[in-house]
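In: Return atomic coordinates for the entry below.
(4 chains)
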Amino acid sequence: MKVSRRSFLKISGAAITAGGLSLSLEQEKACAKTTKICFAKETVTICPYCAVGCGIIVQTRHGRVVNTEGDPDHPVNQGSLCSKGSSLYQITHHNKNRLTRPLYRAPGSSRWEEKSWDWVMDKIANNIKKTRDATFMERNILGQIVNRTEGIASVGSAAMDNEECYVYQKLLRSLGLVYIEHQARI
Amino acid sequence: MTNHWIDLRNSDCIMIMGSNAAENHPISFKWITKAMERGATLISVDPRFTRTSAKADIYAPLRSGTDIAFLGGMVKYILDKNLYFEEYTREYTNASFLINPGFKLPAENCGVFSGLKGTMTREGYINGKYDKTTWSFQKNPDGTPRKDKTLQHPDCVFQLLKKHFSRYSLDMVSDITGTPKDRLEQIYRAYSATGKPEKSGTVMYAMGWTQHTVGVQNIRTMAIIQLLLGNMGVAGGGVNALRGESNVQGSTDHCLLFHILPGYLKAPRASQPTLQSYNEKNTPETSDPMSANWWGNYPKYSASLMRAHYGLNTNLEEAYSYTPKLDDGKNYSWLTIFDEMYKGTIKGFFAWGQNPACSGANAGKIRQGLARLDWLVNVNIFDNETGSFWNGPGMEPKEIETEVFMLPCAASFEKEGSITNSGRWMQWRYKATEPPGEARPDGEIITGLFYRLKALYEEKGGKLPEAVTKLTWDYGFKLPGDKIRSFDAHFVAKEINGYFLKDVQIKGKLYKKGTLVPGFAYLQDDGSTSSVNWLYCNSYTEEGNMAARRDTSDPSGIGLYPRWSWCWPLNRRVLYNRASVDKDGQPWAMKKPVIWWSSETGWNGDVPDGGWKPLSAGSESRYPFIMKPDGYARIFGPGLTDGPFPEHYEPLECPVEKNLMSKQLVNPVIKRWDKEGVPDLDLRATFDSRYPIVCTTYRVSEHWQTGVMTRWQPWLLELQPEMFVEMSHDLADIRGIRNGDKVTVKSVRGEVAAVAIVTSRFKPFQISRNTTHQVGIPWHYGWRQPDPEKKEMRSANLLTPNIGDPNTMIPESKAFMVDVVKGGAK
Amino acid sequence: MNNRAKTSGHELIEVTNTFERLVHWLFAVSCILLFITGFGLMFQTLNMIAGFFGGYYPMKYVHNISGLVFVASGLFAVIVWFKEGTKFTVNDIEWLSRAGGYLWANRIVPESGRFNAGQKLYYLLKSVTWILMSITGLIIWFPFLFSRVMVSNSYWLHALGVAVLAGSVIIHIFLGTFGNPGSVQSMLGGKCTRAWVRLQHGRWLREYDSKQK
Amino acid sequence: MNEKAMLVDVSNCTGCRGCQVACKSWNALPAEQTRNHGSYQNPQGLSPYTYTLIRFQEVDDGRGGVKWLFRNDKCFHCTDPGCMKACPVPGCIFKTPEGAVVIDPEKCIGCRYCYYTCPFNIPQYDEQTEKMSKCTLCHDRVANGLIPACAKTCPTGAILFGNREDMINKAYSRAQELGGTASVYGDRFLGGTHVMYVLTEPPGVYAKLPENPQISTGLVLWKEVLKPLSIASLIGGIGACFLYYIIKGPKRPEFEEGDKSGE
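Out: Take a look at the predicted model:
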């Protein structure tokens, strides 16, 4: 069986390297003219905005994004994208406004401090435990077993992957949170 | 969406109401355009003339918050003119069911249904609650519902429906909605033409319907229309909620919501101390052998979820005991969270990938609430108004004792995982690049927190430590010392699908311990299977990761693409598809069949809603609406808090003194936070000369939600750089405002600076022969970007009221009262 | 300085002053540069001109800067020769009717003053085209200060100026050099022989001699 | 036959502006600092950083309602391009085999002739780089078998790209289907453009869209008449002088008594 580039993608189920979006050999030759996506690695993703779920191709070279555009194979968008989807390039590492380090703001402080992950994660975990232990209710006023805390709440996140949503609620419910809400409510 | 995006192309009439698909779901127009090229009619109903309206064949304006009146008129039109799909209505809906003779309609009961208990005020009842005893079906001696298939019995749903909507005359509807009568008729005629078996009509709605105090009933009215016209389950039909965030469908399926657990299982209540009592309470029963009553499988799904959470570390009951219980009757939703936060009972808060300081109704109250927290964890890819609230306008950092953590996370293409689109397609995304700097995928942050908490509880103990320490969490390769630092989405995806936890023999086939469950029909209630979410069972099987499939073939010919990604449930692309065929299993619409029966090959086409034979097979068959206990779609819906039929009530804040339909002004069962004479942040100003203009909020194509991602992107900011308010020329003349002027929009709760767009796309409404003006504002803006140095809070939600729909508690951000004045704020 | 220089055999008479010559040459050099670069900009086939200037971009600047010199020196030229250049006499008509004796057989033409009628005509032509080329040139250079109609019309007007000037400048150069030997001296040092002056500007010579007495 | 063309069917455009951003993304164009001027349209016009733009326009529908028109504005890529005619630099504005008219920024000297001679005012001058720029019809993509970024991203097929013949046929059948005032714009003038429209309203209704675009008489006069005339004038002048010199010879002064004082 001849394995075309796209069917290979189906088989491997992973991103692979290819010469631009062009298909025939003749065009490969012409590809020398375009430098931007020539020999870039293509990774398929789904648009992070609305829930139409359009396919997007992210083209990278040496780990840097060189271009993003609609996935022509995707049956819903067939390569097209709206203004937001077309702008995906600007939320990549090229955007200097991206948050890149954990920030901490101490009580009463008027500035952010950059902290290490270990520091913030330890502090957050301790905060959670402190608040949970202080507000944990084994029974409610009626004496029914409830095993919950009303001292902590969570909102978000409809932008996370399914797998992350699941483990997030798993963690929150194991802690006894009942105030769990997200974008679907508003 | 009951159907999916591509299916729009199969429709003969597309009604876009309560959404603005051209702007907020632009790619949907690829398929709408295709339908229109085939000759479909596009209808746009919206308070303002949008980019959707610009493409519509028929446009009708309506005053925000009057959708039930508008659609109620259509129900009347369909019934008066006998345009309903008779066989479908009779056989597939509960139109033939007989209702308790004690049941009273609002017309004969002061504007409310029978059974209401509440406080009577001059606006009618407030803070009411229905006793639903009279909203019941009459039963036959064998326990099945009593039916009159002639639909003539005065107690039958059909006749009650007719009686109820007889009040929604063209004149009445036009007086309430402000829509010209000829336009109403034009739309009713066009849409009800889809009642023919071979025709299908679809509706696309979004927050324009949900963000109301009658949100659920808005959708119910349309569902009734769709059932009457036989548009459910068919290609080009359905009731299609256009979901606004990439994975709001998946995050809802996995239930990041207080009232449900993954798979739409009910959150346990305090009155259900054991798993057994929980299952008993939540498992519906049916006496009709032909009703599939799918929720009868509830105990299998709950047991499998408990196993997914705690694995074999606990038994099922123990796992259930660790799951937090809600107090019976209490609501723990969004508005409550921020009310409790404002009152100071909530100490710690996660705003994980969400920006409530801009997105929550009555955002002023939310911002005050944030300042009363002990700690706040904000995870995002950009700085935002929630994480930086302490530094925002009107805030004094020195006085705010909240500890704030702002954690950088990876963007969608910087990690691997699946998301579910509005059409329920679960699609796998791959990692293209590393996150910038030290940013990490959310999954890794969550995993990191879990292992720290587990260690803390193991070392130091605390309250109910087992709930945390016994949790299973094997989602990556283990480092020495059993530490798992990485987060591998495939491990989680497999857990979501579910495993056999021991060797199980099903229908003569042995499934070995540790293999993936092939589908939810295999799940067990004895703890021998695990599965997070029964709806996703079949998504990651021994055959591989179904969500990652990329086969572009479409053997169906109607755009189902069955081997592209995966769709819940069981890769079924059109829900309720058993209603798309007659009792012999032949499609109503032969040209666009979703499924069809053949005695040789069985069901063909899409994955049917259960593999039973067609209805004519009698006891070997099942009714098509398998999720309902009786198997029939509900025109009469006794499950809702605010009435089995929809009834028009005004928004909490409205420009009229009286509801023209009845003496009941607003929905009687909504939870009112405002208290007369109590000045706090929960304010309301209805029919108030200070706030005479109706206001609605919305989004534009170029930004997304609170703009937390898009406002930081120069290309998008270039397109829509500033907060604006759209208004008619008439209103602008009255207020002395010219196009492009700086103006202030004020409600009783706050004020926002904006640029005026004076446009003929807005026109004043004639409401009960009075001129009523309406303005509209987008809710994409805040203060953090652009122009952070101005420290000007430009969030539309500073104005919106904190009042929710009684069923969903979704705030009424779409209809409230404001004033607009020239000049900047303050 | 004595006007009667007798040292070199021929008597030389100073016919132009230093300022006039300076103006002339500034004007002339800018004009020639403008011609060369202008032709380079008008004819893509003459791209060797751009090659000579190091490319089109520098050539554009040479054209623009030369243009400035052209505008400034042209202004002086117009002023300096205004009186003599615009004063036409009966003689001049006679001179013109005989085409200055250049084209027809008879070379007997009325005696000219310091400027003959041809030169006066040339002065006028230069003045008009100077105005035209300066204005259109500046508009083309700074188009954003003007209306679109003005700019787009400036292009062809500028070209019109070139068409008019190209031939006339060539003739001017020819007449000042090969066509009238000895003339070039009037712009190089400014001193011409008495014989030349008598031939070309007889009337002026008589006035000159009478002034010397 | 590899002549291509783009067809903009305004009846299908929803004004989502995916094209505007896709263009910026592919061509690496920076965003502009804009303000809201009382309309959705932004930037206000084409610029060196905005090659394509949706123009938003509200017009009365004559029945008390409104029509909201969206027009994707960009270079028309004329077969007979005024800009190319006016450009002084050889090879700076060139036509590709597919029909795109492209400005080579390496060669551009920023004279702006192209802007003032374009019937649609398309090429834009960049103060920073002193270069002109405009839509390239993504000739780099087209040469590689891809379609232009705007056409690729357009959700509704309002921007189509393909063989020019096909596009023209499509345009006419679409205009006929739409009926009323719908018309095809662009196939006839300027030698036929490579960006064409199906317009729903008469062309005069659309802002910044000339009803009858043509190469200005001035440009024709300049390039067709005065340009040859000027070289003729130059050569004619030289020729005349040469002829005079060989026929009549120079006009030499005759020396008289007293002139030779030194001999």
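In: so the residue of chain B found nearest chain C is in which element?
Out: Using CB to the nearest CB, the closest approach of chain B to chain C is made by residue B:718 at 22.6 Å. In short, each C-beta sits where N, CA and C put it, glycine included. Element membership for residue B:718 (DSSP states H and E) is helix B:714-719.
In: got the contact list for that helix?
Out: If you take CB atoms under 8 Å, 6 or more residues apart in numbering or on different chains as the criterion, helix B:714-719 is touched by A:83-84, A:87, A:90, B:702-703, B:710-711, B:785-786, D:17, D:20-21, D:24-25, D:30-34, D:42-43.
In: who does the host helix or strand of residue A:165 touch, helix- and strand-wise?
Out: Counting by DSSP H and E, the element that carries residue A:165 is helix A:162-175. Helices and strands touching helix A:162-175, by 3 or more CB pairs under 8 Å, 6 or more residues apart in numbering or on different chains; DSSP states H and E, are strand A:145-155, strand A:177-181, helix B:248-253, helix B:298-310, strand B:417-420, helix B:442-460, helix B:466-469, helix B:489-497.
In: what is the rounded mean pLDDT of it?
Out: Average pLDDT, helix A:162-175: 97.
In: so that helix versus helix B:298-310, what angle?
Out: Going by axes from the mean of the first three to the mean of the last three CA atoms, to 10 degrees, helix A:162-175 is angled at 90 degrees with respect to helix B:298-310.
In: still on that earlier bit, once you drop chain neighbours, what's closest to the residue of chain B closest to chain C?
Out: Leaving aside its sequence neighbours, residue B:718 sits nearest to residue D:31 (CB to CB, 6 or more residues apart in numbering or on different chains; 4.1 Å).
In: quick one: contacts for the one you found?
Out: When contacts are counted by CB under 8 Å, 6+ apart, residue D:31 touches B:714, B:715, B:717, B:718, D:24, D:49.
In: so which of these comes closest to chain A?
Out: residue B:715 (4.9 Å).
In: tell me which element residue 125 falls in.
Out: Picked chain A for this. Assigned by DSSP H and E, residue A:125 belongs to helix A:117-135.
In: switch to chain B, that's the one I care about
Out: Per DSSP H and E, residue B:125 falls inside strand B:124-130.
In: which residues are in contact with that strand?
Out: Here strand B:124-130 makes contact (CB under 8 Å, 6+ apart) with B:110-113, B:115-119, B:641-643, B:659, B:662-666, B:668-672.
In: picking up where we left off before, of the contacts of residue D:31, buried ones?
Out: Applying a neighbour-count criterion of 16 or more other CB atoms under 10 Å in any protein chain shown, the buried members of these are B:714, B:715, B:717, B:718, D:24, D:49.
In: Among these, which one lies nearest to residue A:176?
Out: The shortest approach to residue A:176 among the buried ones among the contacts of residue D:31 belongs to residue B:717, at 41.5 Å (CB to CB).
In: ok, now which ones touch residue B:76?
Out: B:165, B:166, B:168, B:169.
In: Let me see the contact set for the first one.
Out: Contact analysis of residue B:165 by CB under 8 Å, 6+ apart lists B:72, B:75, B:76, B:79, B:645.
In: Chain D: helices as residue ranges?
Out: D:18-27, D:82-86, D:113-117, D:139-143, D:149-153, D:164-178, D:217-220, D:227-247 (DSSP state H).
In: and the ones you listed as TSV, adding mean pLDDT?
Out: Formatted as TSV, the helices of chain D follow (pLDDT from 0 to 100):
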stretch	mean pLDDT
helix D:18-27	96
helix D:82-86	93
helix D:113-117	94
helix D:139-143	91
helix D:149-153	97
helix D:164-178	96
helix D:217-220	92
helix D:227-247	93
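In: Throw these into TSV and include distance to chain B, thanks.
Out: Compiled in TSV, these are given as follows (distance: least, CB to the nearest CB, whole Å):
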stretch	distance to chain B
helix D:18-27	5
helix D:82-86	26
helix D:113-117	22
helix D:139-143	19
helix D:149-153	10
helix D:164-178	9
helix D:217-220	33
helix D:227-247	41
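In: Of those helices, give the one that comes closest to chain C.
Out: So among the helices of chain D, helix D:227-247 is nearest, using CB to the nearest CB, at 3.1 Å.
In: Around the nearest residue to residue D:55 once chain neighbours are set aside, count how many other residues there are.
Out: Nearest non-adjacent residue to residue D:55, counting by CB to CB, 6+ apart: residue D:71, 4.6 Å away. Per other CB atoms under 10 Å in any protein chain shown, the neighbour tally for residue D:71 reads 22.
In: Find me the pLDDT at residue D:71, would you?
Out: 97.
In: Spit out the contact partners of it.
Out: Counting by CB under 8 Å, 6+ apart, residue D:71 makes contact with D:8, D:10, D:13, D:54, D:55, D:57, D:197, D:206, D:207, D:209.
In: Narrow those residues to those that are buried.
Out: Buried by 16+ other CB under 10 Å: D:8, D:10, D:13, D:54, D:55, D:57, D:197, D:206, D:209, out of the contacts of residue D:71.
In: if I've got this straight, residue B:740 is in a strand?
Out: No: using DSSP: H, G, I helix; E, B strand; the rest coil, the secondary structure at residue B:740 is coil, not a strand.
In: Just to check, it is in contact with residue B:732?
Out: No: Residue B:740 lies out of contact with residue B:732 (CB atoms under 8 Å); the separation is 10.8 Å.
In: Give the residues shared as contacts by those two.
Out: residue B:756.
In: Settle it for me: which of these two has more neighbours?
Out: The residue with more neighbours, out of residue B:740 and residue B:732, is residue B:732; 23 against 16, by other CB under 10 Å.
In: Check the secondary structure at the more buried one for me.
Out: Per three-state DSSP, residue B:732 ends up helix.
In: quick one: it and chain A, what's the gap?
Out: When CB to the nearest CB, to the nearest Å is the yardstick, residue B:732 and chain A sit 28 Å from each other.
In: Now do the SS call for residue B:240.
Out: Judged by three-state DSSP, the three-state class of residue B:240 is strand.
In: and it, how many neighbours?
Out: By other CB under 10 Å, the residues close to residue B:240 number 27.
In: Bridge partners for it, pull those for me.
Out: Beta-bridge partners recorded for residue B:240 (DSSP bridges): residue B:204.
In: Relative to chain D, how far out is it?
Out: 17 Å.
In: Contacts only, for that residue.
Out: B:1, B:2, B:3, B:8, B:202, B:203, B:204, B:205, B:422.
In: CA atoms only: put the helix holding residue B:718 into CSV for me.
Out: Presented in CSV, the C-alpha positions along helix B:714-719 are these (Å, rounded to 0.1, in the frame of the first residue of the first chain):
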residue,chain,number,x,y,z
PRO,B,714,-2.3,42.7,18.5
TRP,B,715,-4.0,41.4,15.3
LEU,B,716,-7.3,40.9,17.0
LEU,B,717,-7.0,44.1,19.1
GLU,B,718,-6.5,46.0,15.9
LEU,B,719,-9.8,44.8,14.6
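In: Please pull up the helix or strand immediately following that helix.
Out: Remark: after helix B:714-719, the chain's next helix or strand is strand B:724-727, criterion DSSP H and E.
In: tell me which strands and helices that following strand is in contact with?
Out: Secondary elements touching strand B:724-727 (3+ CB pairs under 8 Å, 6+ apart): strand B:750-758, strand B:774-778.
In: ok, residues contacting stretch C:179-198?
Out: With contact meaning CB under 8 Å, 6+ apart, stretch C:179-198 is reached by C:5, C:10-18, C:20-21, C:24-25, C:102, C:175-177, C:200, C:204-205, C:208, D:241, D:244-245, D:250-256, D:258-259.
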